[in-house]
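> sequence below, structure please.
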Amino acid sequence: MAKVEQVMEEGLGQWYRTADTMIIVVAAGHNWLETPYMQQTTAGANPVFELATGCSAQNMMLAATALGLGVHFDPTPVSDTRTKELLHEYFGIPHAWHPIGVLCLGEAGDKLERRPPPPAESLFFQEYWGNPLPSMGYSI
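Model prediction:
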């Protein structure tokens, strides 16, 4: 527990304290029709459920932005099995559920100055990576 609190106080975890609301986004590791009891599930998460959950998180981000809220999705806390385990332990998340990230919501701050987008030729390749697609006159 002290490790979670240390992460919140130092380094990358500091910005979590400024969010008004944090939502831990979790995906089901099972199909409710096949596994009516979560205790029966021991296998890893089905990628389809994680993808569907990610789409739901994106919809929440779009809705929050439309409402004028500041929003940020951070997959860092679950990028390492040790920190994922800390989330399970600290928040009491059953192991049949798989955290895929943290969605932070709050009052929007000042907008950052937007950098110009990279040229389209640096983003699209033909046949293999590094072989630029000839310019078609499109801009991003």
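> count of neighbours near Phe125?
Phe125: 12 surrounding residues under other C-beta atoms under 10 Å. Glycine gets a C-beta too; all of them are placed from N, C-alpha and C.
> check the gap between it and Pro119 for me.
Noted for Phe125: a distance of 13 Å to Pro119, by C-beta to C-beta, to the nearest Å.
> now Ile100
From Ile100 to Pro119 the distance is 33 Å (C-beta to C-beta).
> ok, those two, which is more surrounded?
Ile100 (22 against 12).
> ok, the more buried one - contacts?
Ile100 is in contact with Val25, Val26, Ala27, Glu50, Thr53, Gly54, Ala57, Pro75, Val78, counting by C-beta atoms under 8 Å, 6 or more residues apart in numbering.
> so the third one bridges to which residues?
When bridges are assigned using DSSP bridges, the partners listed for Ala27 are His98.
> just to check, Glu121 is in contact with Leu133?
Yes - using C-beta atoms under 8 Å, Glu121 is in contact with Leu133, at 6.8 Å.
> list the buried residues of the longest helix along the chain.
Scanning the chain for the helix with the most residues, using DSSP state H, yields helix 47-66. Neighbour-count burial for helix 47-66 flags Phe49, Glu50, Thr53, Gly54, Ala57, Met60, Met61, Ala64 (criterion: 16 or more other C-beta atoms under 10 Å).
> right, and the helix or strand after it?
Going down the chain from helix 47-66, the next helix or strand is strand 69-74, by DSSP states H and E.
> tell me the confidence at Leu62?
Looking at Leu62, its pLDDT is 95.
> how far away is it from Thr76?
Leu62 is 21 Å from Thr76, by C-beta to C-beta.
> next one: Glu85
As judged by C-beta to C-beta, Glu85 and Thr76 stand 15 Å apart.
> with Cys104 instead?
12 Å.
> who's more crowded, these two?
Neighbour count, other C-beta under 10 Å: between Cys104 and Thr76, Cys104 has more, with 19 against 12.
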